[in-house]
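Peer 1: coordinates only, no sequence provided:
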């Protein structure tokens, strides 16, 4: 868009820079009149919106080329590369194109199923076979393997079902394959498979199905709620584990029917959906404007609100790794859009909800059911027919207007594409171009405070988006100043009110839920760090109204794309409900939080964490006093500015007002939160102003330039050790250097500085990796002690750290201590996630199962 910005006349730039929201119809009209007659604009939007220049369409030749390369890799045994190539071919393959008299997409699904079976992705193999059958139920082709003459889609589906112990379905699959098979050798092969399956099926079908259903239902309800109700963990672990195994087994047998990877659907099936009973109200505050509060008292861990997004979009860096609808990680059998090559989905269910076309049975069974028994005929119809749940979707198809193969949905920034989705949804809801979108969503905006350069960006993107929507969407959007001004405001609202959809990820890419963890000195323990990764951006009609606080009293998390908001502390009637937009006290200091919120959301935070004195902000990045008998903090110039503002606010209250409840709370906080211990001088001198380099207790001076250099040098050795931890090759010399560097950091930084906690954590991981669990435990506990000072002992971050500690304790045989840690972290996660804790943190279940084995 820089080319368009460069041709805007200076006079028009000045008009836009000075504009307010009331001026927008006029400025947008002038902007529109200038660009509609500009050749450069026509060229750029033509490349974005016209089908003649579309690069995101389906491409038969590209699909065939990837298929050929995939076949070569499959033949050579390079299954990982073959899998990627078949998936790439599916992304480009048109749904209605044939290859050697076979449907190309069906061929590719079966080819990929062959690879998935070789790689032991059995559930994914089964689902690809089913997708091929949905397109072409008579499809069958030879697979290039030495000992297999002919393998049909039904046969491979039978093999996958058999491997998954889905014996009944496997028998049906093989019987259909037998019906289709013409060669004698092929029939004999299927007969051998059937005999083996029938024998296994008889031995595993002793439990009546009704009994299974009853056990499963009871087990699911209890296993979800026992911990949430704070019952003793050791009394319920065995029962929960038995029921969990029944659940996993039942869902595993029928993955194509129950769609287990859809967490929202699964949560409902598991009986852990809670009814929101909190009555919310929109309130006005003196410092934050409009926000949300409760009309009733809210207990800790209560579900405050849950909501589906009004509109959502995946972020660019996650397009190839996460589902474009539910935002979960893509499985090995990702499903592409049927009409363009942009989105990928985790399942056909998500693909349909986003607005894609159904995988249709193109051959209408082509005689496949002839001469089949009634049971088999019914089975074939069930597998090869679209599911009713997919045909009755109530979602607004948010990708449908983008699904033309044109370039703009792939090129424009996510927030601009999100604005297009909101605009189209509003039109679909009868809010036509004369209606104000802001009134529809009831969201605030900060256009008045937007920098001049950003205002110009808003105008350009709004005009480009309006043009693209007009050419991509069936409804004739008027290309005028009013429509454009509404888009400018809408994008401004998204900048301030959008919520980042996040997923938890292990920094080293290792997920213990996917592998067995060996809790022994030889096997080590799990100590990977977890972090939140932004994968999507969304507007929630109610959820976007909650204000931010760096010391929030509610916690937001996501299951699929559903927003859940839960109280993390007791909240009284009328108290504002505030969540964190990202930074929190304990995570960053005040200056970094303010910078982030200003850049990302265009406001200066006035929450209690940013306006009132707290120990965490004082010690987070502080240096220690040179006086060995003093525990005071030494701040650098960047931190001093923000902390002095807090000191001035506290010292500015008249002494005769100190009896007011709010001021009494501040005094109580000062006396009890350790602030006096690290900043005593700031409160004994009413005219005190902190100076960079001077201790806030005794006033001793520290050379900050030399101290920063010392910390930087020590940090290099810690970073080197962290790199080796990630590469899983820790050298003794690197470990020794890091230990010496930790001593240097402790002699330079304040004892509660977060840098020391991070160094201790790195050392804990390194010692754990080489099997030295006692020092690993020591460093892990030291890190947690500091983090408890920064965050508080019941913060979710402490829960993550306790998972590491419990893992080390189990591996070292300290089972009693491990059980204590598991109980503590379970209580923390129960507060933040309620009955969804196991779903959000699968490793939590791993720890509980290990404790169950030990009889704890």
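Peer 2: Right, received. Where do you want to start? On a predicted model such as this, the values are computed, not experimentally measured, just so you know.
Peer 1: the longest strand along the chain - contacts with which helices or strands?
Peer 2: Using DSSP state E to define each element, the chain has its longest strand at strand 530-539. Helices and strands touching strand 530-539, as assessed by 3 or more C-beta pairs under 8 Å, 6 or more residues apart in numbering; DSSP states H and E, comprise strand 311-314, helix 414-428, helix 481-497, strand 499-506. (C-beta placed from N, C-alpha, C; glycine too.)
Peer 1: what lines up beside the shortest one in the sheet?
Peer 2: Sheet pairing here is set by DSSP bridges, and for strand 311-314 it gives strand 530-539 (antiparallel).
Peer 1: what residue ranges in the stretch 651-800 of the chain score low on pLDDT?
Peer 2: Applying pLDDT under 70 to the stretch 651-800 of the chain picks out residues 651-673, 682-688.
Peer 1: what about the helices in it?
Peer 2: Assigned by DSSP state H, counting those that start in this stretch, the stretch 651-800 of the chain shows helices spanning 661-672, 675-679, 681-684, 704-727, 732-748, 754-769, 773-791, 796-812.
Peer 1: what about the strands in the stretch 451-600 of the chain?
Peer 2: Taking DSSP state E, counting those that start in this stretch as the test, the strands found in the stretch 451-600 of the chain are 499-506, 530-539, 547-548, 554-559, 562-567, 576-579.
Peer 1: could you dump these into CSV with mean pLDDT and mean neighbour count added?
Peer 2: Shown next, in CSV, are the strands of the stretch 451-600 of the chain (pLDDT from 0 to 100; neighbours: other C-beta atoms under 10 Å):
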stretch, mean pLDDT, mean neighbour count
strand 499-506, 88, 18
strand 530-539, 90, 19
strand 547-548, 93, 22
strand 554-559, 96, 22
strand 562-567, 96, 22
strand 576-579, 94, 22
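Peer 1: what's across from the spatially most central residue of the chain in the sheet?
Peer 2: Geometric centre of the chain, nearest residue: residue 503, 2.2 Å, by C-alpha atoms, centre = their mean. Bridge pairing for residue 503 (DSSP bridges) gives the partners residue 533.
Peer 1: let me know the average pLDDT across the helix or strand containing residue 409.
Peer 2: Applying DSSP states H and E as the criterion places residue 409 in helix 408-411. Computed over helix 408-411, the mean pLDDT rounds to 93.
Peer 1: buried stuff in that helix?
Peer 2: 408, 409, 410, 411 (16 or more other C-beta atoms under 10 Å).
Peer 1: for it, packing partners?
Peer 2: Applying 3+ C-beta pairs under 8 Å, 6+ apart, we find helix 408-411 packed against helix 39-49, helix 414-428, helix 452-472.
Peer 1: now mean neighbour count and mean pLDDT too, for those helices, in JSON lines please.
Peer 2: Listed next are the helices and strands packed on helix 408-411 as JSON lines, based on neighbours: other C-beta atoms under 10 Å; pLDDT from 0 to 100:
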{"stretch": "helix 39-49", "mean neighbour count": "16", "mean pLDDT": "89"}
{"stretch": "helix 414-428", "mean neighbour count": "22", "mean pLDDT": "90"}
{"stretch": "helix 452-472", "mean neighbour count": "21", "mean pLDDT": "92"}
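Peer 1: for the ones you listed, which one sits closest to residue 106?
Peer 2: Of all those, it is helix 452-472 that lies closest to residue 106, at 29.3 Å by C-beta to C-beta.
Peer 1: helices along the stretch 151-300 of the chain, start to end?
Peer 2: So, for the stretch 151-300 of the chain - with DSSP H, counting those that start in this stretch - the helices run 153-163, 167-180, 184-204, 209-225, 233-253, 255-258, 263-269.
Peer 1: contact partners for residue 32?
Peer 2: 463, 479, 480, 481, 484 (C-beta atoms under 8 Å, 6 or more residues apart in numbering).
Peer 1: farthest pair in those residues?
Peer 2: Top of the distance list for those (C-beta to C-beta): 463 and 480, 11.0 Å.
Peer 1: residue 773: which of the helices and strands packed on helix 408-411 is closest?
Peer 2: Ranking the helices and strands packed on helix 408-411 by proximity to residue 773 (C-beta to C-beta) places helix 414-428 first, at 44.2 Å.
Peer 1: and the closest one, what does it pack against?
Peer 2: So helix 414-428, by 3+ C-beta pairs under 8 Å, 6+ apart, packs with strand 311-314, helix 408-411, helix 437-441, helix 452-472, helix 481-497, strand 530-539.
Peer 1: those: which one's closest to residue 4?
Peer 2: Nearest of these to residue 4, taken as C-beta to C-beta: helix 452-472 at 5.3 Å.
Peer 1: with distance to residue 417 added, can I get the strands of the stretch 451-600 of the chain in CSV?
Peer 2: Listed next are those as CSV, based on distance: least, C-beta to C-beta, whole Å:
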stretch, distance to residue 417
strand 499-506, 15
strand 530-539, 9
strand 547-548, 24
strand 554-559, 20
strand 562-567, 20
strand 576-579, 25
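Peer 1: which one of those lies closest to residue 102?
Peer 2: Per C-beta to C-beta, nearest to residue 102 of these: strand 530-539, 36.1 Å.
Peer 1: re the thing from before, save the helices and strands packed on helix 408-411 as a markdown table, and put in distance to residue 354 too.
Peer 2: Shown next, in a markdown table, are the helices and strands packed on helix 408-411 (distance: least, C-beta to C-beta, whole Å):
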| stretch | distance to residue 354 |
| --- | --- |
| helix 39-49 | 20 |
| helix 414-428 | 11 |
| helix 452-472 | 16 |
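Peer 1: and the residue lying farthest from the centre of the chain, how close does it get to residue 198?
Peer 2: Distance from the centre of the chain peaks at residue 184, with 51.6 Å (C-alpha atoms, centre = their mean). Taking C-beta to C-beta, to the nearest Å as the measure, residue 184 falls 21 Å from residue 198.
Peer 1: quick check: buried residues in the strand or helix carrying residue 107?
Peer 2: Assessed by DSSP H and E, residue 107 sits inside helix 104-118. For helix 104-118, a neighbour-count test (16+ other C-beta under 10 Å) marks 104-117 as buried.
Peer 1: rebuild the residues you listed as a markdown table, extending it with pLDDT and distance to residue 96.
Peer 2: Output for these, formatted as a markdown table (pLDDT from 0 to 100; distance: C-beta to C-beta, whole Å):
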| residue | pLDDT | distance to residue 96 |
| --- | --- | --- |
| 104 | 87 | 9 |
| 105 | 89 | 9 |
| 106 | 86 | 11 |
| 107 | 87 | 13 |
| 108 | 92 | 14 |
| 109 | 92 | 15 |
| 110 | 90 | 17 |
| 111 | 92 | 18 |
| 112 | 95 | 19 |
| 113 | 94 | 21 |
| 114 | 91 | 23 |
| 115 | 95 | 24 |
| 116 | 95 | 25 |
| 117 | 93 | 27 |
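Peer 1: just checking, residue 304 is part of a strand?
Peer 2: Yes: counting by DSSP: H, G, I helix; E, B strand; the rest coil, residue 304 is found in a strand.
Peer 1: so what's it up against?
Peer 2: By C-beta under 8 Å, 6+ apart, the neighbours of residue 304 are 276, 278, 280, 294, 298, 554, 565, 566, 567, 577.
Peer 1: apply 6 Å and report the result again.
Peer 2: When contacts are counted by C-beta atoms under 6 Å, 6 or more residues apart in numbering, residue 304 is found next to 278, 554, 565, 567.
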